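A.B. asks: sequence-free structure coming up:
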Ligand code: NAI
């Protein structure tokens, strides 16, 4: 009998296992593919590794702006992919070591929930049956691939985030369907290393939920670098290596590439592990279709002792949300008071420049009916930014409550905003005001000082 069984070894499952093991719970985790889940094996980590190679290549190409001359830099696609594999292997090894260090039993097999009775929750994996007092479901999500006419026939021209990571050769032309986070990160990578990239996006803007002003600035930057954006364009089918879409005037247009990336969102993995044997309640979309396992703020499902965390809950599909949700579930199993809060979930798009934001966007603040103020400054107000970003554009925007000036949202474009953003998460979590932010001593010279400068620009 285990205190906790976890299905799925991604950032929801493995972080929960680590915390549970460290707290003395007898813990078992089932993973059918590779520990680390999508994040480590085919998501966050491999893409950041590729993007870093692109960044280094770009430094070599643009060195002259900094007085550094590199003659004829080239990028070796095969070596870039090999390094990505090395990084993934090392980090998966790290997760394995963390499981061992926290006395977590790892079962490398597919788990099937058989049901719950007076004895506990029963799970089968291979020939063995396991019983646990508590269960945490962290089965994640997979790329949603709409049934575009002609998609199946197109064969391996079509990629999702998974296949595109393992291409042996750099595509000469890439068509990206969906200008969301995955689409833009791959568009950025391939554009930098010399692939001709077209992004076909249904909405009038890329990176839909992002602050409008910032997504528009980023789009202009990449358009200048040669990415072809087809906005308000709906894909209607695939013909071999050609994407057929309807432009804003309703005319049929075509664009071809040697690879087509489908990045139009992700779908929670709700089937194939016996969820139906528990009688779980689901989160439904407006058409009444289940899109996630329904949980409360303690990550409890409707079945006593059964919790869910991460993408399988169907919203905030981000690795860091998953890890925190896993921790909340474990703390509740341990009898500690802890609840999940979604007001300060950071979001980063690892383009170059990076986009980083947390809390309300200007558009969300407007729609919420809240009284708010906005202060913003170009990143060039930071000396360090100017020193390190020759000709670089950027912006820092803070949204605060009108009456108390508490920080409600911070949105930035510019490097390295991903590394600064945690401070903004803390500001929102602690209801810090603009005046309190001004009193904090920031390290100088850092790009983070832009936050203090922006807070001071509020009159
Ligand atoms: P997404 O939801 O970010 O973007 C999908 C885009 O596809 C939307 O802009 C949508 O309007 C567009 N679209 C949908 N149907 C279309 C069609 N038929 N034709 C043209 N465009 C269409 O989804 P994405 O990029 O696949 O990412 C999935 C998840 O992975 C997200 O939840 C994201 O948060 C997560 N992720 C996070 C990353 C990060 O934090 N840096 C990196 C990569 C993924």
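C.D. replies: Yep, that arrived. The structure displayed is predicted, hence computed values, not measured ones.
A.B. asks: per-residue pLDDT, residue 315?
C.D. replies: Listed pLDDT for residue 315 reads 88.
A.B. asks: that one: how many residues sit nearby?
C.D. replies: When counting by other C-beta atoms under 10 Å, one arrives at 13 neighbours for residue 315. C-beta coordinates here come from the backbone N, C-alpha and C atoms, glycine included.
A.B. asks: beta partners for the spatially closest residue to it that is not a sequence neighbour?
C.D. replies: Leaving aside its chain neighbours, residue 315 sits nearest to residue 292 (6.4 Å; criterion: C-beta to C-beta, 6 or more residues apart in numbering). Listed by DSSP bridges, the beta-bridge partners for residue 292 are residue 283.
A.B. asks: what is the burial count for residue 292?
C.D. replies: 22.
A.B. asks: how far away is it from residue 370?
C.D. replies: 27 Å (C-beta to C-beta, to the nearest Å).
A.B. asks: state the distance from residue 400 to the ligand.
C.D. replies: Relative to the ligand, residue 400 is positioned 25 Å away (C-beta to the nearest ligand atom, to the nearest Å).
A.B. asks: show me what contacts the residue lying closest to residue 175 once chain neighbours are set aside?
C.D. replies: Leaving out its chain neighbours, the residue that sits closest to residue 175 by C-beta to C-beta, 6+ apart is residue 257, at 3.9 Å. Contact partners of residue 257, counting by C-beta atoms under 8 Å, 6 or more residues apart in numbering, are 157, 171, 173, 174, 175, 196, 198, 241, 243.
A.B. asks: isn't the last one right next to residue 173, touching?
C.D. replies: Read that as residue 243. No. In this structure, residue 243 is not within contact of residue 173 by C-beta atoms under 8 Å, at 11.0 Å.
A.B. asks: shared neighbours of those two, which are they?
C.D. replies: Contacts common to residue 243 and residue 173, judged by C-beta under 8 Å, 6+ apart, are 256, 257.
A.B. asks: which of these two has more neighbours?
C.D. replies: residue 243 (27 against 16).
A.B. asks: mind naming the longest helix for the protein?
C.D. replies: helix 77-101 (DSSP state H).
A.B. asks: what parts of this structure come near the ligand?
C.D. replies: Residues of the chain lying close to the ligand by C-beta under 6 Å from any ligand atom are 146, 177-183, 185, 200-203, 208, 234-235, 263-266, 317-318, 347-350.
A.B. asks: so which of the residues you listed sit within strands?
C.D. replies: Among the residues of the chain next to the ligand, the residues falling in strands (DSSP state E) are 177, 200, 234, 235, 266, 347, 348, 349.
A.B. asks: list only those of those residues flagged as buried.
C.D. replies: 177, 200, 235, 266, 347, 348, 349 (16 or more other C-beta atoms under 10 Å).
A.B. asks: take those and write them to CSV, including pLDDT.
C.D. replies: Shown next, in CSV, are these (pLDDT from 0 to 100):
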residue, pLDDT
177, 98
200, 98
235, 97
266, 97
347, 98
348, 98
349, 98
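A.B. asks: just name the closest of these to residue 28, please.
C.D. replies: residue 266 (26.7 Å; C-beta to C-beta).
A.B. asks: which residue packs closest to that closest one, ignoring adjacent ones?
C.D. replies: residue 141 is the one closest to residue 266 (C-beta to C-beta, 6+ apart), at 4.2 Å.
A.B. asks: list the contacts of that neighbour.
C.D. replies: Contacts of residue 141 (C-beta under 8 Å, 6+ apart): 38, 266, 267, 268, 269, 311, 312, 317.
A.B. asks: model confidence for the residue nearest to the third one when sequence neighbours are not counted, exactly?
C.D. replies: The shortest distance from residue 267 to any non-neighbouring residue, by C-beta to C-beta, 6+ apart, is to residue 144 (4.3 Å). Model confidence at residue 144, expressed as pLDDT, equals 97.
A.B. asks: was I right to think residue 144 contacts residue 268?
C.D. replies: No. Assessed by C-beta under 8 Å, residue 144 is found out of contact with residue 268, at 9.8 Å.
A.B. asks: burial of the closest residue to the ligand within the chain, as a residue count?
C.D. replies: Closest contact between the chain and the ligand, by C-beta to the nearest ligand atom, is at residue 180 (1.8 Å). With neighbours defined by other C-beta under 10 Å, the count for residue 180 comes to 21.
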